[in-house]
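[1] sharing a model that was predicted from the sequence below.
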Amino acid sequence: MNAHTALIDRYFDAWNETDAGRRRELIAATWSKDAAYVDPLLSGNGHDGIDAMIRAVHERFAHHTFRRTTDVDGFGNRLRFSWALLTPAGTPVVKGSDFGIVDTDGRLQAVTGFLDEAPGM
């Protein structure tokens with residue numbers, strides 16, 4: 001497992017964490033303080049904004065989980081990977097691909113997400 005894979009697996013741990021305190025710890029370990037996330041539906045800046053964004057997803061998609069569906073590909077401080085949002089029964093309801101930039105401390109500085117498949121697309 002390369003460093004980018006461990007980072008992105010921790011990223012998914014944060015997305016899937018329902019305990020607010022533990023999620024904040026994971027966000028701090030995964031994201032730089034001034035990090036930014038953006039996709040067609042959501043955005044969050046800094047640890048507070050990213051936490052609020054994840055919390056909103058939990059409220060809308062209770063008991064759903066994110067799973068990485070590809071290897072993490074990258075070079076230098078750039079990476080990419082794909083994922084799925086799964087229902088409690090394990091059925092994917094949304095699929096996407098994310099592109100990230102890693103800071104010099106090995107944390108995510110920025111992530112840009114794209115939706116590959118979603119209801120209504």
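    Thanks, I have the structure now.

[2] so what does the lowest-mean-pLDDT helix or strand in the chain touch, helix or strand wise?
    Across the helices and strands of the chain, mean confidence by mean pLDDT, DSSP states H and E is lowest for strand 73-75: a mean of 92. The helices and strands touching strand 73-75, judged by 3 or more C-beta pairs under 8 Å, 6 or more residues apart in numbering; DSSP states H and E, are strand 78-86. (Glycine included, C-beta is placed from N, CA and C.)

[3] related to what we said a few turns ago, list the strands paired with the least confident helix or strand of the chain, with their directions.
    Paired strands of strand 73-75, with direction, are strand 78-86 (antiparallel) (DSSP bridges).

[4] next SSE downstream of the strand it pairs with?
    Using DSSP states H and E, the helix or strand that follows strand 78-86 towards the C-terminus is strand 92-102.

[5] between that next one and strand 78-86, how many degrees?
    If you take axes from the mean of the first three to the mean of the last three C-alpha atoms, to 10 degrees, strand 92-102 sits at 160 degrees to strand 78-86.

[6] run the chain-centre distance for strand 92-102.
    For strand 92-102, the separation from the chain centroid amounts to 7 Å (computed by C-alpha atoms, centre = their mean, to the nearest Å).

[7] for the chain, which segments count as strands?
    Counting by DSSP state E, the chain forms strands over residues 31-38, 43-45, 65-68, 73-75, 78-86, 92-102, 108-117, given from the N-terminal end onward.

[8] for Ala14, which of those strands is the nearest?
    Taking C-beta to C-beta, strand 31-38 is the member of those nearest to Ala14, at 8.0 Å.

[9] can you name every helix or strand that the closest one contacts?
    For strand 31-38, the packing partners by 3+ C-beta pairs under 8 Å, 6+ apart come out as strand 43-45, helix 46-60, strand 108-117.
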